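Novice: pasting the sequence and the predicted coordinates here, then a few questions.
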Protein chains: 2
Amino acid sequence: MDAVLAAIAEPNRRAILQLVGQREMAAGEIAAQFAVTRPAVSQHLSVLKDVGLLLERREGTRRLYRLQPEGLAELREFLTELWPDALQRFKAAAEATASGAVESSRPGESTQLSLGSSEMKDRR
Amino acid sequence: MDAVLAAIAEPNRRAILQLVGQREMAAGEIAAQFAVTRPAVSQHLSVLKDVGLLLERREGTRRLYRLQPEGLAELREFLTELWPDALQRFKAAAEATASGAVESSRPGESTQLSLGSSEMKDRR
DNA sequence: CACTAACGTAAGTATGCGCTAACCTTCAGT
DNA sequence: ACTGAAGGTTAGCGCATACTTACGTTAGTG
């Protein structure tokens, strides 16, 4: 997920995701929408593809890109765990648009965090 | 939201959020959990506070930090817009593998993206 | 008042990253 | 085979940022 977050932290890459989210687009077509050069966009596309947010399909000399939203699953899970109320809020939103019954799940095991150390006091 | 994303893109800051999400904690108490120095953690806390993800409360010489999950609202909204099926997927998952077919919804209004330019062809 | 604990702040450094310019690759048409 | 179009790759540059050390600040305690 670290990679996914680093990827979407970049504004141009988020814009690319929104663009491609609407319909499949060729690399040059995407690049034309941005102020930066085409190679820069190409690099962004590589990053997004590598982290699993984009799918690439070749057609002749062109490369068509399409959104792969499943790549966002981990991130959504992270946010949901951080925000336990989200389930209720989400349920309310869902019931406002559709009519479905949603059962909440338990918060899950402690998420282990990182770098377990124990030093302190401005160690010199 | 740009600021929120930049904030949670940092692994240590995400770990801080998960920590503080469980209970209110003092700055030093938080810093003790990490390998980096206390000032570094203090800077992270400032960032998280500035973007609206943390609430600070002073008690004597101590500073207690508490999660402010509302700061994640925009980000959740972004992900949901990118992933229109999310509501249905969520409902489907909650209904314990029900047999409903998933119909896609309309993409929504064009999200304006950024930096509208129109140059191309590797402008020299 | 002096001293200490608990923090934030400032200055400096190093690594990371997004960008550009130039180059290389692949495919389609003639 | 040659040529042009489409697009990825490389080297290098400049800026952002996470880190450390050192210092400043505030609130208790003797």
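Specialist: Thanks, I have the structure now.
Novice: excluding sequence neighbours, find me the nearest residue to A:Arg57.
Specialist: A:Leu64 (4.7 Å; C-beta to C-beta, 6 or more residues apart in numbering or on different chains). C-beta coordinates here come from the backbone N, C-alpha and C atoms, glycine included.
Novice: these two touch, right, that neighbour and A:Ala26?
Specialist: Yes - assessed by C-beta atoms under 8 Å, A:Leu64 is found in contact with A:Ala26 at 5.6 Å.
Novice: so A:Ala6 lies in a strand, does it not?
Specialist: No - A:Ala6 sits outside any strand when classified using DSSP: H, G, I helix; E, B strand; the rest coil, being helix.
Novice: what about it, neighbour count?
Specialist: A:Ala6: 16 surrounding residues under other C-beta atoms under 10 Å in any protein chain shown.
Novice: check contacts around the spatially closest residue to it that is not a sequence neighbour.
Specialist: Distances taken as C-beta to C-beta, 6+ apart place B:Ala9 nearest to A:Ala6, at 5.5 Å, with adjacent residues excluded. Applying C-beta atoms under 8 Å, 6 or more residues apart in numbering or on different chains, we find B:Ala9 in contact with A:Leu5, A:Ala6, A:Ala9.
Novice: can you count the residues close to A:Glu29?
Specialist: Other residues close to A:Glu29 by other C-beta under 10 Å number 16.
Novice: can you check A:Glu10 too?
Specialist: 17.
Novice: returning to that earlier point: how about the residue nearest to A:Ala6, phi and psi?
Specialist: The phi/psi pair for B:Ala9 (degrees, to the nearest 10) reads phi -70, psi -20.
Novice: what's the pLDDT at it?
Specialist: On the pLDDT scale, B:Ala9 is placed at 97.
Novice: also A:Trp83?
Specialist: 81.
Novice: cool, and A:Gln43?
Specialist: Here, the pLDDT recorded for A:Gln43 equals 98.
Novice: can I take it that it is in a helix?
Specialist: Yes - counting by three-state DSSP, A:Gln43 is found in a helix.
Novice: what segments of chain A are helices?
Specialist: A:2-8, A:11-22, A:27-31, A:38-50, A:73-82, A:86-97 (DSSP state H).
Novice: and of those helices, who's closest to DNA strand D?
Specialist: Nearest of the helices of chain A to DNA strand D, taken as C-beta to the nearest atom of the strand: helix A:27-31 at 2.2 Å.
Novice: quick one: that closest one near DNA strand C?
Specialist: No - counting by C-beta under 7 Å from any atom of the strand, DNA strand C has no neighbours in helix A:27-31; the shortest distance is 9.6 Å.
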